[in-house]
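S.K.: I'll drop the sequence and a predicted model, then ask my questions.
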Amino acid sequence: MARAVAWAALGIDLFDSQLVGALALLDGHVVQMGTGEGKTVTGAVAAAGYALQGRSVQLFSVNDYLARRDAEWMSPFYRGFGVGVGWIGEGEERERRRAAYAADVTYVPVTEAGFDVLRDRFRTEPEDVELFVQDVVIVDEADAVLIDEASTPLVLAGGGTGGVSQREAAQLVRTLVPGVDYEVDADGRNVALTDRGVDGVEAALGGVNLFDAAGHDHLTTINVALHAQALLHRDVDYIVRDGRIQLVNASRGRIARLQRWPDGLHAAVEAKEDLESSTVSEILDSITIQALVGRYRTVCGMSGTALPVAEQLADRYGVRTGEVGPHRPVIREDLPDRAYPDAPSQLRAALEYIVAEHRSGRPLLVGTGSVAQSEQVAEELGRCGLDAVVLNAKNDADEAAIIARAGEHGRITISTQMAGRGTDIRLGGADGSDAERVIAAGGLCVVGIGRYDSRRLDDQLRGRAGRQGDPGTSVFFTSLDDDLVRRHLPGFSPSLRKAYDSPFTTDTATELVDHAQRLAEGLQHRSHRNTLAFSEVPTEQRLAVLRLRTAVLSAERDDLLLNGEARTAVDALLGRHRIHASVREISLHHLDQYWIEHLDMLTAAREGIHLRSLARDNPLDEYNRIAYRAFEGFAGRVTDAIAATLTHAAARGTLDPEPLGLRRPSTTWTYMVIEDPFGSPEQRFGNLLLNAFRPAGPES
């Protein structure tokens with residue numbers, strides 16, 4: 001039936017592999033399918049299958065563009081089954097969202113679904129029901145969403161005032177001299193003032209002592225400003241556009257919209273770039289992507305690179321992962337890495353290779369690690385007389401059009417990342433009109449300049465060539481200057497090797513790059529696992545509060561949190577307008593406010609918990625003890641606060657919220673807290689101790 005409807009509605013003849021993939025999704029699996037094998041249609045077949053069972057389906061995409069594109073593209077297919085489809089993007093009004101979620105199948109960015117769950121968390125009227133039921137979720141780019149971003153907190157914020165200016169700190173650290181006033185460690189993840197730097201900063205601040213209680217805030221502000229100045233780089237970690245700092249998503253090479261750094265770091269970067277400081281907000285609630293997805297009855301998904309994280313997917317979500325082979329054999333030639341001792345020789349060799357392959361008329365896709373590197377490669381190719389189209393975070397709105405033409409004869413496209421681009425590179429261009437000439441030239445040639453932190457990202461880039469049995473080639477140019485090696489194997493930098501007069505060999509260099517990548521993957525896995533471990537207890541507590549809130553919100557249980565004192569006050573107020581609605585509003589206000597304060601306490605505890613390791617306590621165990629202890633009596637404190645407010649209301653003879661001090665934020669906004677680029681609090685503390693006792697010299 002799916003094959004017949006797809007042909008009639010879309011003019012697409014489904015491959016057997018697509019139907020096998022859809023069956024696996026309908027059985028609750030995560031499916032690995034190669035680039036160009038038709039994952040979008042496979043997901044639609046499965047979504048229609050679930051909808052015909054009477055299930056409510058959300059199909060998570062990685063951005064607004066793909067949610068809208070896929071919903072509109074697949075809508076004739078869904079109509080063929082009598083299945084309704086909707087889509088949601090950023091900025092949609094609540095009623096528009098409600099209508100889209102009411103459809104049988106809804107395409108929605110994972111972040112927007114999470115933000116809607118958080119907004120629903122603050123409903124105050126019983127008739128304002130939740131926007132959607134968390135029944136079936138089909139996750140596109142499953143490994144990226146369910147593993148790489150699983151620990152990312154989605155945040156609902158409100159209220160707030162203008163932020164404390166960090167301009168003085170930014171101006172001060174600009175005057176500090178690298179290597180004299182401060183030192184950056186070998187892996188580029190920590191920076192610290194030297195004794196001379198401390199003296200200079202203390203003098204500039206009027207003679208304060210940075211290390212006594214009075215100077216503690218100064219020290220924190222200076223350290224954050226120093227991190228922003230020395231360790232975060234424009235056009236690598238972020239770009240400046242429209243007067244704002246916009247973070248670059250390293251795994252996707254595009255702007256990480258609505259994302260911020262934590263711990264004042266974002267404001268410090270704004271000060272560094274002389275931009276207006278963002279509003280300081282109060283966090284009303286937050287939820288990790290893993291906790292969001294974990295609430296669905298059925299979880300399944302698809303990706304081109306899911307098998308390497310199959311074990312993690314099973315552990316975290318209880319889903320099995322399998323591979324559906326290509327409908328045509330892959331004939332792409334994956335050449336061995338070409339390794340070089342330093343960045344100049346690496347770039348020179350890559351340029352020579354690109355120029356030589358371009359002469360044959362082959363289209364080339366060049367993968368780079370940052371915005372700055374992509375622009376540098378384009379500039380160098382220009383000096384060689386070659387024009388290239390650059391796709392990076394500065395123009396990611398044009399990505400569909402750029403990628404659609406990347407397979408044209410003689411075209412050179414430079415991209416910061418290809419994961420999650422969602423558009424196939426068709427040989428001969430979007431219409432395939434020149435495909436024969438491109439095939440005769442050897443098909444698409446993929447050139448990677450440096451490896452990524454994950455082999456899965458390398459494979460995403462490689463997989464753009466050899467689509468659906470097409471010819472193609474992939475090759476990576478690496479060096480010991482690559483950021484991957486410098487951060488994870490700093491002892492093998494070219495300068496250190498020269499000090500030992502070690503001969504350079506390609507095999508040894510390739511082994512080092514492989515090892516650095518494995519270390520990066522291990523570090524990332526440990527970091528995610530650690531972050532999620534610290535979120536388990538707050539997630540349990542959030543659900544407990546949410547259950548209590550839902551009970552209060554129901555018309556039958558709006559007096560659930562009233563004690564004897566509160567009931568006496570209510571009796572005194574009986575007969576007044578909206579008594580039940582007011583009691584409910586007062587109860588929800590205090591329940592929400594105490595949860596906000598509890599979240600703030602947990603955040604502070606998380607930041608300081610690494611100090612417990614000095615007493616040989618396990619930081620996670622101690623954090624959980626603090627969280628449990630703070631949550632004891634939570635409902636009792638809320639009940640007492642409600643009673644006090646109702647007693648005050650009875651004395652004043654009013655239930656109006658304003659005189660009673662019950663103010664909800666007039667505006668709310670949402671964002672994602674991107675992981676701290678310098679590691680978790682305990683990782684930073686551990687590195688600080690490690691560096692303090694690390695011996696000097698090459699042998700360190």
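M.R.: Good, I have the coordinates. Numbers count the residues shown, from 1 in each chain.
S.K.: from the chain's centroid, how far away is the longest helix belonging to the chain?
M.R.: Looking across the chain with DSSP state H, the single longest helix is helix 506-553. Chain-centre distance of helix 506-553: 12 Å, with Cα atoms, centre = their mean, to the nearest Å.
S.K.: just the mean pLDDT for that helix, thanks.
M.R.: For helix 506-553, mean pLDDT rounds to 89.
S.K.: right, and the helix or strand after that helix?
M.R.: Counting by DSSP states H and E, the element after helix 506-553 in chain order, helix or strand, is helix 564-573.
S.K.: mind listing what's buried along that next one?
M.R.: 566, 569-570, 573 (16 or more other Cβ atoms under 10 Å). C-beta: built from backbone N, CA, C; applies to glycine.
S.K.: ok, for Arg328, nearest residue in space, not its chain neighbours?
M.R.: Of all residues not flanking Arg328 in the chain, Gly469 sits nearest, at 3.1 Å (Cβ to Cβ, 6 or more residues apart in numbering).
S.K.: for the helix or strand hosting Leu602, packing partners?
M.R.: Using DSSP H and E, Leu602 sits in helix 579-608. The helices and strands touching helix 579-608, judged by 3 or more Cβ pairs under 8 Å, 6 or more residues apart in numbering; DSSP states H and E, are strand 279-288, helix 506-553, helix 564-573, helix 619-631, helix 634-652, helix 681-693.
S.K.: cutoff 6 Å now
M.R.: If you count contacts as 3 or more Cβ pairs under 6 Å, 6 or more residues apart in numbering; DSSP states H and E, helix 579-608 packs onto helix 506-553, helix 619-631, helix 634-652.
S.K.: would TSV of these with mean neighbour count and distance to Thr175 be doable?
M.R.: Output for those, formatted as TSV (neighbours: other Cβ atoms under 10 Å; distance: least, Cβ to Cβ, whole Å):
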stretch	mean neighbour count	distance to Thr175
helix 506-553	17	33
helix 619-631	16	36
helix 634-652	18	48
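S.K.: wait, which of those is closest to Val201?
M.R.: Closest of the helices and strands packed on helix 579-608 to Val201 is helix 619-631, at 29.4 Å (criterion: Cβ to Cβ).
S.K.: tell me the angle the closest one makes with helix 579-608.
M.R.: Using axes from the mean of the first three to the mean of the last three Cα atoms, to 10 degrees, the direction of helix 619-631 lies 150 degrees away from that of helix 579-608.
S.K.: so which elements touch helix 619-631?
M.R.: Using 3+ Cβ pairs under 6 Å, 6+ apart: helix 619-631 touches helix 506-553, helix 579-608.
S.K.: quick check, Gly86 in a strand?
M.R.: Yes. Counting by DSSP: H, G, I helix; E, B strand; the rest coil, Gly86 is found in a strand.
S.K.: quick one: it and Ala103 touch, right?
M.R.: Yes. Contact status for Gly86 versus Ala103: in contact at 3.7 Å, counting by Cβ atoms under 6 Å.
S.K.: how much space separates the closest residue to Ala343 other than its chain neighbours from Gln290?
M.R.: Spatial nearest neighbour of Ala343, excluding adjacent residues (Cβ to Cβ, 6+ apart): Asp481 at 3.8 Å. For Asp481, the distance to Gln290 equals 36 Å [Cβ to Cβ, to the nearest Å].
S.K.: can you check Trp595 too?
M.R.: 20 Å.
S.K.: do the same with Val236
M.R.: With Cβ to Cβ as the criterion, Val236 and Gln290 are 28 Å apart.
S.K.: which of these two has more residues huddled nearby?
M.R.: Higher neighbour count among Val236 and Gln290: Gln290, with 22 against 16, using other Cβ atoms under 10 Å.
S.K.: what separates the host helix or strand of that one from the chain centre, distance-wise?
M.R.: Element membership for Gln290 (DSSP H and E) is helix 289-293. Computed by Cα atoms, centre = their mean, the chain-centroid distance of helix 289-293 equals 12 Å.
S.K.: also stretch 103-122?
M.R.: Using Cα atoms, centre = their mean, the offset of stretch 103-122 from its chain centre is 16 Å.
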